[in-house]
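Participant: Show me how the following folds:
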Amino acid sequence: MTTTTLAVLVPLLPFLGAVAGLLLGRTAPGFVRPLAVLPVLASFTLAVLVAAQQGGGPAIDAATELTPTGSVPIYLALHIDGFAALVAVLVGLVGGCVQIYSTGYLRDDPRYSSYAALVSLFTSAMLLVVYSGDLIVLLVGWEVMGICSYFLVGHYWETPEARAASLKAFLVTKLGDVPFLIGLFALGTDAGSFRITKILGTVAGGGLHHPTLVALLLLAGVAGKSAQFPLHTWLPDAMAGPTPVSALIHAATMVAAGVYFVARLLPVFQASSAAMVVLAVMAAVTMAGSAVAALAQDDIKRVLAYSTIGQLGYMTGALAVGDRGAAVFHLLSHGAFKALLFLAAGVIIHAAGTNSLAAMSRMSHLRDRVPDAYWTMTVALLALAAVPPFSGFFSKESVLGAAEQVATGHSGRAPGAAGWVVLVSALFTALLTAAYAMRLWLLAFRGRGAEAPDHGRQPLVMNAVLWVLAVPSLAFGGLAFRLLPDWFGGGDLTPTLTTSVLGTGLALTGGIVTYGAWRHTTALAARVPLGAVAAHPEADAGVVEAEAIASHAPAYGDIAYAPDPADPGRLLLGPLHRHAAVGFHLDAVYAALFVRPVLAGASLVRFLDREVVETYVRGAGALPRLLGAAVRRAQTGNVQTYVSALLAGTVVLAVAAVLVATGA
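Facilitator: Down below sits the predicted model:
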């Protein structure tokens, strides 16, 4: 087969698997699992073959006109460069791992067939985004992912948390998609085409008429899809869905789409210095704010969710300094270890016998009960904290190095201010990332919370997937910057001495300080009985936090929720902890600024409709009704009455005529 044919099959196979799974889910349930797993694995294999044939060389382009539009045509087009080839491999790998893992995690779920079909469709949509050479076709995959996320996040629709989270994810991302769509049309109009190659050629020739406006409109959609400030609030709540869905969304689909889109069209954004500075500020606020919030979360999946937001901030930070190679490098590295983190968390949750949530304050003695999750999650957390030689170290250092080059004036790919903003915030986030990674590890595996019932060893497929993902989490970064520089646009991804020392030193400092805080609080907590909420001075804050984040994990036995008194996050954040635990009240701010005014406006419209408009409508109908009633009373059926009325009318008309004549 030609490379083009193989590339067409990559997104097509999961789509066909999804359709077949939906059709046969009820009539032939025995085919559901093979139809869930095999098409995605076949797609992954073909993506590897496409990447091998592309080889990091010139982009592969192919196109056929989809339909004449009368103005800007739409093409079924492929544009596969080194970035696209590698990202497609990541999507196929994570999608396949999630499908295999889900056969064990959701083996008793009555809605598994629809779930598996939606996961395949989700994977297919992301692959369409990755390979598409036309922005309108890319938009199709972009929107299909949005609707898939709505259904998958709301998989446990019986719970109010899942219903609210799915609706919130859909609405917030759609809020960004509206300006995004306008920006796409404006970009296509300026370039005279939606083909990516032609758009980039137009940008190179200075043909964009309003680059700042177009870039900012597109950034709104990117902020929504990739959960960047200020449209990031949907992602932590999306943890109400099944854990494998969280792994898919956070590692390879949905949130990665926005970063990938900017990387693919980076020259469009570089055409506006203002847009690059806005992107840098957005990345900086996202990085630092999410890292602080992660340090205050109790639910293990919410910690990882805020972690994803922060790591996406690193990627957008790399793009803000004009280095898409570093951004995609970190996207690939992060995809491997973040998928591993979520799936390891799923093993912990599965061991606890819950569906989706697991409060770290409830965890105790998990190291011996889930050894596979313990060791693989340790590897993933070290990669997240960017400790050498794990993959996260090399990819994160490429971001820091790119920012340092711009900040010091050694690179002119972006304004120097953007470089400094990204560099300072990234170093601060490196400190916090190691802190919350150490806190998660300590509370999850060495905590003194209430011990959950032991549900036995987890299914083999779940543990096997963890070890598969542990390999790239450990080795990908060190191999990629040596063997794959051409795949990342030929840029140098070798860690620089200055940022390596600073980043690693801050990471070690964050981990050591957190460990010291944990030892200190553990010594104090030894005098606090487990479950004694009132005995701890900050217990009320823990209860407020639990209610605010809707962490409704079931209680174990008769033990009520009590914050772990050995939580180092409370000591490190102090008074800031209460605010960080609820995401700095951004949801409350949005409710005050947007939700309440809209509801008040709706109430006003309803009042005007019922009390004003309907009053006129009722009045307009009342007059004819009264006239009709009067006429009906006159119809007595008595002939003498009719003759008398006729004579009276004749007399009246005669008198009126005389009066008129006299007046004349």
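Participant: most centrally placed residue in the chain?
Facilitator: In the chain, the residue lying closest to the centroid (CA atoms, centre = their mean) is residue 255, at 4.4 Å.
Participant: and the closest residue to that one other than its chain neighbours, how many neighbours?
Facilitator: Nearest residue to residue 255, sequence neighbours excluded (CB to CB, 6 or more residues apart in numbering): residue 226, at 4.9 Å. C-betas here are computed from N, CA, C, even on glycine. Counted with other CB atoms under 10 Å, the neighbours of residue 226 add up to 28.
Participant: Need the per-residue pLDDT for residue 226.
Facilitator: Per-residue confidence (pLDDT) for residue 226: 94.
Participant: If I follow the layout properly, it ends up in contact with residue 263?
Facilitator: No - in this structure residue 226 lies outside contact range of residue 263 using CB atoms under 8 Å: 11.2 Å.
Participant: wait, doesn't residue 290 sit right on residue 304?
Facilitator: No - applying CB under 8 Å, one finds residue 290 not in contact with residue 304, separated by 11.1 Å.
Participant: Settle it for me: which of those two has more neighbours?
Facilitator: Regarding residue 290 and residue 304, a neighbour count based on other CB under 10 Å identifies residue 290 as having more, with 31 against 27.
Participant: would the more buried one count as being in a helix?
Facilitator: Yes - counting by DSSP: H, G, I helix; E, B strand; the rest coil, residue 290 is part of a helix.
Participant: Can you tell me how far it is from residue 148?
Facilitator: Remark: distance between residue 290 and residue 148 (CB to CB, to the nearest Å) = 24 Å.
Participant: and if you look at residue 606?
Facilitator: Per CB to CB, residue 606 is found 34 Å from residue 148.
Participant: Between these two, tell me which one has more neighbours.
Facilitator: Using other CB under 10 Å as the criterion, residue 606 and residue 148 rank with residue 148 on top: 26 against 10.
Participant: what about the strand or helix carrying residue 607, average pLDDT?
Facilitator: Counting by DSSP states H and E, the element that carries residue 607 is helix 596-607. For helix 596-607, mean pLDDT is 90.
Participant: quick revisit: next up, phi/psi of the residue nearest to residue 255, please.
Facilitator: With angles defined as degrees, to the nearest 10, residue 226 sits at phi -100, psi 10.
Participant: try residue 126
Facilitator: phi -70, psi -40.
Participant: Count the neighbours of it for me.
Facilitator: Residues lying near residue 126 (other CB under 10 Å) number 32.
Participant: Report the contact partners of it.
Facilitator: Residues in contact with residue 126, defined by CB atoms under 8 Å, 6 or more residues apart in numbering, are 91, 95, 141, 145, 252, 253, 254, 256, 257.
Participant: And for residue 411?
Facilitator: Contact partners of residue 411, counting by CB under 8 Å, 6+ apart, are 321, 322, 402, 405, 419.
Participant: Just send the residues you listed back as a markdown table, with distance to residue 515, secondary structure and neighbour count too.
Facilitator: Output for the contacts of residue 411, formatted as a markdown table (distance: CB to CB, whole Å; DSSP: H, G, I helix; E, B strand; the rest coil; neighbours: other CB atoms under 10 Å):
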| residue | distance to residue 515 | secondary structure | neighbour count |
| --- | --- | --- | --- |
| 321 | 33 | coil | 32 |
| 322 | 37 | coil | 23 |
| 402 | 31 | helix | 34 |
| 405 | 33 | helix | 22 |
| 419 | 33 | helix | 27 |
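Participant: of those, closest to residue 651?
Facilitator: The closest of those to residue 651 turns out to be residue 322 (CB to CB; 98.7 Å).
Participant: my guess is that closest one meets residue 414, correct?
Facilitator: Yes - under the criterion of CB under 8 Å, residue 322 makes contact with residue 414 at 4.3 Å.
Participant: Overlap of the contact sets of these two?
Facilitator: Contact criterion CB under 8 Å, 6+ apart; residues shared by residue 322 and residue 414: 270, 276, 406.
Participant: Tell me which of those residues fall in strands.
Facilitator: When DSSP state E is applied, the shared contacts of residue 322 and residue 414 are split such that none fall in strands.
Participant: Ends of stretch 104-119, what's the gap?
Facilitator: Using CA to CA, to the nearest Å, one end of stretch 104-119 lies 15 Å from the other.
Participant: Quick check, pLDDT for residue 483.
Facilitator: Predicted confidence (pLDDT) for residue 483: 80.
Participant: what about it, how many neighbours?
Facilitator: Residues lying near residue 483 (other CB under 10 Å) number 10.
Participant: Between the contacts of residue 411, which sits nearest residue 461?
Facilitator: residue 402 (38.8 Å).
Participant: Would you format the contacts of residue 126 as a markdown table with distance to residue 520 included?
Facilitator: Shown next, in a markdown table, are these (distance: CB to CB, whole Å):
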| residue | distance to residue 520 |
| --- | --- |
| 91 | 44 |
| 95 | 43 |
| 141 | 50 |
| 145 | 45 |
| 252 | 39 |
| 253 | 41 |
| 254 | 39 |
| 256 | 39 |
| 257 | 43 |
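Participant: any chance of those residues in TSV, plus secondary structure, neighbour count and pLDDT?
Facilitator: Below are these laid out as TSV (DSSP: H, G, I helix; E, B strand; the rest coil; neighbours: other CB atoms under 10 Å; pLDDT from 0 to 100):
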residue	secondary structure	neighbour count	pLDDT
91	helix	33	97
95	helix	31	96
141	helix	22	96
145	helix	25	95
252	coil	33	89
253	coil	30	89
254	coil	28	92
256	helix	30	94
257	helix	25	95
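Participant: between those, which is nearest residue 25?
Facilitator: When the contacts of residue 126 are ranked by distance to residue 25 (CB to CB), residue 95 comes first, at 18.8 Å.
Participant: you'd agree that closest one is up against residue 125?
Facilitator: No - counting by CB under 8 Å, residue 95 stays clear of residue 125, with 10.8 Å between them.
Participant: joint contacts of those two?
Facilitator: In contact with both residue 95 and residue 125: residue 253, using CB under 8 Å, 6+ apart.
Participant: and residue 61, what element?
Facilitator: Judged by DSSP H and E, residue 61 forms part of strand 60-67.
Participant: Parallel or antiparallel, list what pairs with that strand.
Facilitator: The pairing partners recorded for strand 60-67 under DSSP bridges are strand 74-80 (antiparallel).
Participant: what comes into contact with the partner strand?
Facilitator: Applying CB under 8 Å, 6+ apart, the external contacts of strand 74-80 come out as 3-4, 7-8, 50, 54, 59-67, 88, 131-134, 136-137, 194-197.
Participant: Filter these down to the buried ones and express that as a ChimeraX selection.
Facilitator: The command below creates a ChimeraX selection of those among the contacts of strand 74-80 that count as buried (16 or more other CB atoms under 10 Å):
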select :3,7,8,50,54,59,60,62,63,88,131,132,133,134,136,137,194,195,196
